[in-house]
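S.K.: The sequence and its predicted three-dimensional model are supplied below.
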Amino acid sequence: MTVLSVRGLTVRFRMRESAPVRAVTDVSFDLAAGECLALVGESGCGKSVLASALLGLLPGNAETTGSALLAGAGDDPATDLITADEATLARTVRGRRVGLVPQSPAAHLTPVRTVRAHLTETVRRLTGTRGRDALRTATEAAARVSFPAGHLDRHPHELSGGLAQRAATALALVGDAPLLLADEPTTGLDRDLVERTVDELRRHTGSTRALLMITHDLAAAARIADRVAVMYAGRLVEIADAAAFFGTPGPRHPYARGLLDALPERAFRPVPGRPPELAALPEGCAFAARCAHADTACSAQPPLTGGLACHHPHTAPTDLVHPPQAAEAPRA
Ligand SMILES: Nc1ncnc2c1ncn2[C@@H]1O[C@H](COP(=O)(O)OP(=O)(O)OP(=O)(O)O)[C@@H](O)[C@H]1O
Ligand code: SF4
Ligand SMILES: [Mg+2]
């Protein structure tokens, strides 16, 4: 069963002083029930804008086109998240059908409420549970993400970055939403907590639920993802099975391979150069200026076919086959 089907998703930001920012361009992918898709790519490539577009949370200068069909379930009809009106998104989608672990959790927590009050109110609103049961469910939600019970009566400004992150993750898990978007859910956590948090997110997936995890942490992606989507300058350039991507034959797109080669446990060789400005993208492949394989063919935009957008992809397996993180993670 497909939980989310995204087609041709494109986001432009109108700017007063410059050409539009082409933050997301022609992104298409499907997400199946039970699946975890990791979305990776350098800072500023459009990952959070993509997540915000799916939740109708973009600012007024954004123009969004394409479609993102969220499957119907029970009494909920299938919904195109891009064309749905704000009332529908606010009442029936956010929290209930699409959960979000936001990239800046502190900014999403109401400053005047304690974590316990926040969680309890969310439990009441999303599950209809009342009284002591709501309080107990809120405490259990905190425990699921290792949020210390002794800190539940703290306000957001009294939380470290890692605690705010865990509070936001607990809030996102409460509604048991069919689609969970987790945008950098492990920022500020030490390795042990990273693993516990992503394992808990992974457990959220099931016969009707899917997870889109946006992350810089390739070890976390290797631990729980079924597939990996690599974004560069607003476009998906490779979507691959995670085992093949992190193991053998490895990534096929030169940028995706560069991302893995940059890891300390691999070649520790950064991708040369910098990504282009999204308000001044070159014609053709946006990676050409940084790519050792570039030639004249690359002045034409490569389409994404067979999970790959490149005129000259790698054909030989990667010679460094150690996954970024070898430990076994639980599967849903
Ligand atoms: N409201 C806005 N107006 C103009 N440009 C914007 C706006 N919001 C985001 N952008 C631009 O869109 C691009 C994509 O931003 P986004 O936050 O999605 O990056 P990201 O991939 O999530 O990066 P990071 O890994 O650092 O979180 C960036 O160039 C950013 O400056
Ligand atoms: S299309 Fe050309 S420039 Fe772009 S990644 Fe492939 S080989 Fe490199
Ligand atoms: Mg982001």
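M.R.: Yes, it's here. Numbering: from 1, shown residues only. Ligands and ions are numbered 1, 2, ... in the order given.
S.K.: make it CA atoms for all contacts and neighbour counts henceforth
M.R.: OK.
S.K.: What does the residue of the stretch 201-332 of the chain found nearest ligand 1 show for phi and psi?
M.R.: As assessed by Cα to the nearest ligand atom, ligand 1 sits closest to L278 within the stretch 201-332 of the chain, at 5.8 Å. Dihedral pair for L278: phi -70, psi -10, per degrees, to the nearest 10.
S.K.: my guess is it meets A233, correct?
M.R.: Yes: here L278 reaches A233: they are 6.6 Å apart, a contact under Cα atoms under 8 Å.
S.K.: What separation is there between the residue of the stretch 201-332 of the chain closest to ligand 1 and H157?
M.R.: Remark: distance between L278 and H157 (Cα to Cα, to the nearest Å) = 34 Å.
S.K.: Could you report the separation of the residue of the stretch 1-150 of the chain found nearest ligand 2 from G56?
M.R.: Per Cα to the nearest ligand atom, G41 is where the stretch 1-150 of the chain lies closest to ligand 2, at 13.9 Å. From G41 across to G56, the span is 22 Å (Cα to Cα).
S.K.: When the two are compared, which one has more neighbours?
M.R.: Shown here are G41 and G56; by other Cα atoms under 10 Å, G41 has more neighbours (23 against 19).
S.K.: so who does the more buried one touch?
M.R.: With contact set as Cα atoms under 8 Å, 6 or more residues apart in numbering, G41 has these partners: 47, 216, 230-232, 259.
S.K.: Mutual contacts of L278 and A233, please.
M.R.: Here L278 and A233 share the contacting residues A23, scored by Cα under 8 Å, 6+ apart.
S.K.: quick one, which of the two is more surrounded?
M.R.: Set L278 next to A233 and count neighbours by other Cα under 10 Å: A233 wins out with 25 against 21.
S.K.: what's the more buried one in contact with, if anything?
M.R.: Here A233 is in contact with 23-24, 44-46, 275-276, 278, 286 (criterion: Cα under 8 Å, 6+ apart).
S.K.: which intervals of the stretch 151-300 of the chain have sub-threshold pLDDT?
M.R.: For the stretch 151-300 of the chain, applying pLDDT under 70 flags no range at all.
S.K.: Show me the strands in it, by range?
M.R.: Here the stretch 151-300 of the chain has its strands, by DSSP state E, counting those that start in this stretch, at 179-183, 210-214, 227-232, 235-241.
S.K.: Can you lay out those as JSON lines showing mean neighbour count and distance to T137?
M.R.: Below are these laid out as JSON lines (neighbours: other Cα atoms under 10 Å; distance: least, Cα to Cα, whole Å):
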{"stretch": "strand 179-183", "mean neighbour count": "26", "distance to T137": "19"}
{"stretch": "strand 210-214", "mean neighbour count": "27", "distance to T137": "22"}
{"stretch": "strand 227-232", "mean neighbour count": "24", "distance to T137": "32"}
{"stretch": "strand 235-241", "mean neighbour count": "24", "distance to T137": "36"}
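S.K.: Same list, those strands, but as TSV with distance to R96 please.
M.R.: Listed next are the strands of the stretch 151-300 of the chain as TSV, based on distance: least, Cα to Cα, whole Å:
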stretch	distance to R96
strand 179-183	9
strand 210-214	14
strand 227-232	25
strand 235-241	28
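S.K.: Compare those strands and give me the one nearest ligand 2.
M.R.: Distance to ligand 2, taken as Cα to the nearest ligand atom, is lowest for strand 235-241 among those, at 8.2 Å.
S.K.: is the closest one up against ligand 1 anywhere?
M.R.: No: applying Cα under 6 Å from any ligand atom, one finds strand 235-241 out of contact with ligand 1, separated by at least 10.7 Å.
S.K.: Could you tell me which strands sit next to the helix or strand harbouring T65 in the sheet, and their orientation?
M.R.: Secondary-structure assignment from DSSP states H and E places T65 in strand 62-70. Its sheet considered, strand 62-70 pairs with strand 2-13 (antiparallel), strand 79-80 (antiparallel) by DSSP bridges.
S.K.: now the one helix or strand D30 maps to: mean pLDDT?
M.R.: Following DSSP H and E, one finds D30 within strand 21-32. Here strand 21-32 scores 98 as its mean pLDDT.
S.K.: Could you tell me the angle between the direction of the helix or strand just after that strand and that of strand 210-214?
M.R.: Later in the chain than strand 21-32, the nearest helix or strand by DSSP H and E is strand 36-40. Inter-element angle recorded for strand 36-40 and strand 210-214: 20 degrees (by axes from the mean of the first three to the mean of the last three Cα atoms, to 10 degrees).
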